[in-house]
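Visitor: Need coordinates for the below:
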Amino acid sequence: MKVLLIEDTVTSATIVSAQLAKLGLQTVHARSGEAGLEMFKQSRPDLILLDVIMPGLDGFEVARRIRQLEKDGDWTPIIFLTARTSDKDLEYGIEVGGDDYLVKPVSEIVLAAKVRAMQRLAQMRLSLLVLTRRLDDANRELRRLTSVDGLTGIANRRCFDESIAREWQRARRNRLPLSVLMLDVDFFKQYNDRYGHQAGDECLKAVAKCLESELKRPADLVARFGGEEFVVMLPETNSVGARRVAEAMRHALASLELPHESSQVADYVTLSAGVATVYPAPEDTGSVASMMEAADRALYQAKKSGRNRVALADQPEGAAIE
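Guide: Just a heads-up that it's a prediction; the model follows:
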C-alpha cells in the first residue's frame, strides 16, 4: 500500500513517515498542496494523509481537487491531519472529500487502526467493483445472446423488431427513405426432405453468412425472421438501392451453388425476395407493420412469378412510397 503524505511541517512528516514504515507502508512526501497534487497525478497512491493548514493551497482545497481529478469509479481514501476538531471543520472536511480525521500529534496506535480500517474499505470497494464489472459483462453477454439467432449467428427477430422501430422513428423525423427486404429460401422443405434437417441447418447458416456479407453499412441489418425466412433492414435506402441489394444477395447465394436437386427452379439453392420502401413522415398514418406486410406481399408475388427473383411492393397503406 502506497501512502501519499502531504505535510509542510518537517517534524510532523518525519514522525508520521516513521510510524507508516513500522506498518510496512511505502510513503511519498509532499511539502505543499501544489506538490501533493502533482504527486497524486504521478504516483496514484492507495491512501492520502493530508495536513489541513498549509501555505498556498490548504488541505481542504487539495482534497476537493483530488476528488475532481479522480475518474469515474476511482476512490482514494483521504485522512486529514489537523489540530482543528470543531464540528464545522469536520463537516467541511467530509463535504470536500475527506474520509476521516487524525488529530495532531498523531497517535501511533490510532494511525495504525485508521490505516487498517481504510485498507478494509478499499478492499471491500475493490471486491464490489470486480463484482460489478462481472455483472456488467454478464448483462452485455445476455443482451447479445437475446439478440442473436442461435442457429445462424446473425440477428434474431427480436433484434430486428427493436431496430426497425428505431429506424422508422428516425426516418419519420428526418423524412428519409427506409427499405425492407423479405427473403425466403426456395423449396426449403424439399431440401430438408432430401438432405435431412442437419444439412438444412448447415444450409441456413451458409445463407445467413452470404446475406450478411452483402451488407456494406453499419446501420444495415440482416436477421433470421423464422424458419427459412430472412429479413433485411436498409435505412436511408430508396427502392432502387434496395432492389440492387436484393439482387446482389440473390446472385451471391446462387454463386455458392449449394446443391438442391429437389428445387424446381435450379439444381442449387436459390432465394426469392420482396422489397418495400417507404418515406414515413410525422403526418403519415402508416406503420412498421404495414411496411412489413407490403414486403411480404412482394415476396409472395416473387414466389408466384416463379421464384429465384426479386419483386417490388405496392404502396403500403398510409405511407408514401416511390
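Visitor: Going by C-alpha atoms from here, please, whenever you check contacts or count neighbours.
Guide: OK.
Visitor: how about the helices in this protein?
Guide: Here the chain has its helices, by DSSP state H, at 10-22, 33-43, 59-69, 87-95, 108-147, 157-174, 188-195, 197-213, 239-256, 288-304.
Visitor: on contacts alone, who are the packing partners of the last one?
Guide: Right, helix 288-304. helix 157-174, strand 178-185, strand 271-278, strand 310-312 (3 or more CA pairs under 8 Å, 6 or more residues apart in numbering; DSSP states H and E).
Visitor: who wins for proximity to residue 260 among the ones you listed?
Guide: With CA to CA, the closest approach to residue 260 among these belongs to strand 178-185: 11.0 Å.
Visitor: on that earlier part again, include distance to residue 110 when you put the helices and strands packed on helix 288-304 into a markdown table, please.
Guide: Output for these, formatted as a markdown table (distance: least, CA to CA, whole Å):
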| stretch | distance to residue 110 |
| --- | --- |
| helix 157-174 | 58 |
| strand 178-185 | 69 |
| strand 271-278 | 74 |
| strand 310-312 | 81 |
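Visitor: Compare these and report which one is nearest to residue 294.
Guide: Nearest to residue 294 among these is strand 271-278 (6.0 Å), distances taken as CA to CA.
Visitor: what sits against residue 72?
Guide: Taking CA atoms under 8 Å, 6 or more residues apart in numbering, we find residue 72 in contact with no residue.
Visitor: and the helices of the chain, which is most packed in?
Guide: With neighbours taken as mean count of other CA atoms under 10 Å, those reach their highest mean count in helix 288-304, at a mean of 21.
Visitor: how many degrees apart are that one and helix 157-174 in direction?
Guide: Counting by axes from the mean of the first three to the mean of the last three CA atoms, to 10 degrees, helix 288-304 lies at 110 degrees to helix 157-174.
Visitor: Distance of residue 161 relative to residue 223?
Guide: According to CA to CA, to the nearest Å, residue 161 and residue 223 sit 10 Å apart.
Visitor: same thing with residue 303?
Guide: Residue 303 sits at a distance of 20 Å from residue 223 (criterion: CA to CA).
Visitor: do residue 272 as well
Guide: Distance from residue 272 to residue 223, by CA to CA: 16 Å.
Visitor: just residue 80 next, same as before
Guide: Separation of residue 80 from residue 223 (CA to CA) stands at 59 Å.
Visitor: And residue 207, by the same measure?
Guide: For residue 207, the distance to residue 223 (CA to CA) stands at 11 Å.
Visitor: Show residues contacting stretch 236-253.
Guide: 171, 176-181, 207, 210-211, 214-215, 234, 269-273, 275-278, 308-310, 312, 322.
Visitor: Likewise for stretch 14-21?
Guide: With contacts defined as CA under 8 Å, 6+ apart, stretch 14-21 is touched by 5, 26-27, 106, 108, 112.
Visitor: now stretch 291-303
Guide: 180-184, 272-278, 308-316.
Visitor: what about the chain, any weak spots by pLDDT?
Guide: Counting by pLDDT under 70, the chain has low-confidence residues at 283-285, 315-322.
Visitor: Residue ranges of each domain in it, please.
Guide: 2-130, 157-312 (automatic domain parsing).
Visitor: List just the one of these that sits closest to residue 136.
Guide: domain 2-130 (9.8 Å).
Visitor: Quick one: distance of the closest one to the chain centre.
Guide: 36 Å (CA atoms, centre = their mean, to the nearest Å).
Visitor: end-to-end on it?
Guide: Counting by CA to CA, you get 21 Å between the two ends of domain 2-130.
Visitor: And for residue 154, the neighbour number?
Guide: 20 (other CA atoms under 10 Å).
Visitor: Test my guess that it contacts residue 223.
Guide: Yes. If you go by CA atoms under 8 Å, residue 154 and residue 223 touch, sitting 5.8 Å apart.
Visitor: related to what we said a few turns ago, any chance of the helices of the chain in a markdown table, with distance to residue 50 too?
Guide: Below are the helices of the chain laid out as a markdown table (distance: least, CA to CA, whole Å):
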| stretch | distance to residue 50 |
| --- | --- |
| helix 10-22 | 10 |
| helix 33-43 | 9 |
| helix 59-69 | 6 |
| helix 87-95 | 11 |
| helix 108-147 | 13 |
| helix 157-174 | 52 |
| helix 188-195 | 74 |
| helix 197-213 | 59 |
| helix 239-256 | 66 |
| helix 288-304 | 62 |
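Visitor: Which of the ones you listed sits closest to residue 230?
Guide: So among the helices of the chain, helix 197-213 is nearest, using CA to CA, at 8.0 Å.
Visitor: so how far is the closest one from its chain's centroid?
Guide: Distance, stretch centre to chain centre, for helix 197-213: 28 Å (CA atoms, centre = their mean).
Visitor: helices and strands around that helix, which ones?
Guide: Judged by 3+ CA pairs under 8 Å, 6+ apart, helix 197-213 is in contact with helix 188-195, strand 221-226, helix 239-256.
Visitor: That helix to helix 239-256, inter-axis angle?
Guide: 140 degrees.
Visitor: In contact with residue 170, which residues are there?
Guide: Contacts of residue 170 (CA under 8 Å, 6+ apart): residue 176.
Visitor: and if we set it to 10 Å?
Guide: The contact partners of residue 170, taken as CA atoms under 10 Å, 6 or more residues apart in numbering, are 164, 176-178, 235-236, 280-281.
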